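Colleague: here is my input; please provide its structure:
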Amino acid sequence: MKTKKYEIYMYWSDKAITKDFEIKRINDCTPEDDAVKITELPDEIFCWACHMPPFQTADAKTLRALWNGDRLLDKAHIVPKSKGGDDSPGNLFLLCPNCHADSPDTTNPKIFFAWVRYRIRNENWAKIIEREMKKAANIKGVDYNDLVKRSTELDIDMEKIFELRQKIQERSGLHGTTISWSTKTMNMLDILQEELSNKK
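Modeller: Below is the predicted model:
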């Protein structure tokens, strides 16, 4: 596919999804539209549905190089090629592999946009990670609320976040083409417990 991720980003960077699952320019939206912006963080690669951040950020000096250098996101068709969709930026969306696998394949773009809007509001990365971390803690017999409370002792800044991401990446293997949630969260749980042990 010749369409570059930066072209896709530029097409969608000023757009939002309304409550009626229409696409409008952000500046044209009214409060009645109850619009959800698609590309919330322009200088950070993230999934446009769940908002999952990358495990690695591209080393790039320009926005074009950042988006075109991305290896996290899939170019997902809104209307599938098998149903007449094309490779134009307006028919492509940047999704993580998990969201790409979950996204609806339909000739009706409003179904796709309804799904994206729901995902952003109800199943975004922060909510998913909380749910999956609770599950991982339950599996390992760890008190999740105590872990969260104790984690505030870690003085986590941006440098520490990148260090923790790197540790997760080093310990995580691919499950097909993605890193499964159980892999990420079980490793994250181990790392947090190790960090808290080292703090003592």
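
Colleague: where exactly do the strands run in the chain?
Modeller: 15-17, 23-25, 36-37, 74-77, 92-95 (DSSP state E).

Colleague: indicate which one of those is closest to Ala65.
Modeller: Of all the strands of the chain, strand 92-95 sits nearest to Ala65, with 15.6 Å by Cβ to Cβ. C-beta coordinates here come from the backbone N, C-alpha and C atoms, glycine included.

Colleague: not counting that closest one itself, show me its contacts.
Modeller: Contacting residues not belonging to strand 92-95 are listed as 3, 5, 8-9, 12, 47-49, 70, 73-78, 103, 112, 116 [Cβ atoms under 8 Å, 6 or more residues apart in numbering].

Colleague: tell me which residue is most central in this structure.
Modeller: Met52 (2.3 Å; Cα atoms, centre = their mean).

Colleague: mind listing what the residue nearest to it when sequence neighbours are not counted touches?
Modeller: Closest residue to Met52 apart from its sequence neighbours, by Cβ to Cβ, 6 or more residues apart in numbering: Trp125 at 4.2 Å. Applying Cβ under 8 Å, 6+ apart, we find Trp125 in contact with Phe46, Cys47, Cys50, His51, Met52, Pro53.

Colleague: farthest-separated two in the residues you listed?
Modeller: Largest pairwise distance in those, by Cβ to Cβ, is 10.0 Å, between Cys50 and Pro53.

Colleague: higher neighbour count, the two?
Modeller: Cys50 (21 against 16; other Cβ atoms under 10 Å).

Colleague: isn't the more buried one right up against Asn122?
Modeller: No: checked against Cβ atoms under 8 Å, the pair Cys50 and Asn122 is beyond contact range at 10.2 Å.

Colleague: name the residues that touch the top helix by length along the chain?
Modeller: For the chain, the longest helix by residue count, based on DSSP state H, is helix 181-199. In this structure, residues lying in contact with helix 181-199 by Cβ under 8 Å, 6+ apart are 98, 128-129, 132-133, 135-137, 139-140, 142, 147, 150-151, 153-154, 164, 167-168, 171-173, 175.

Colleague: ditto for stretch 140-147
Modeller: Met133, Lys134, Ala136, Ala137, Asn138, Met186, Leu189, Leu192, Gln193, Leu196.
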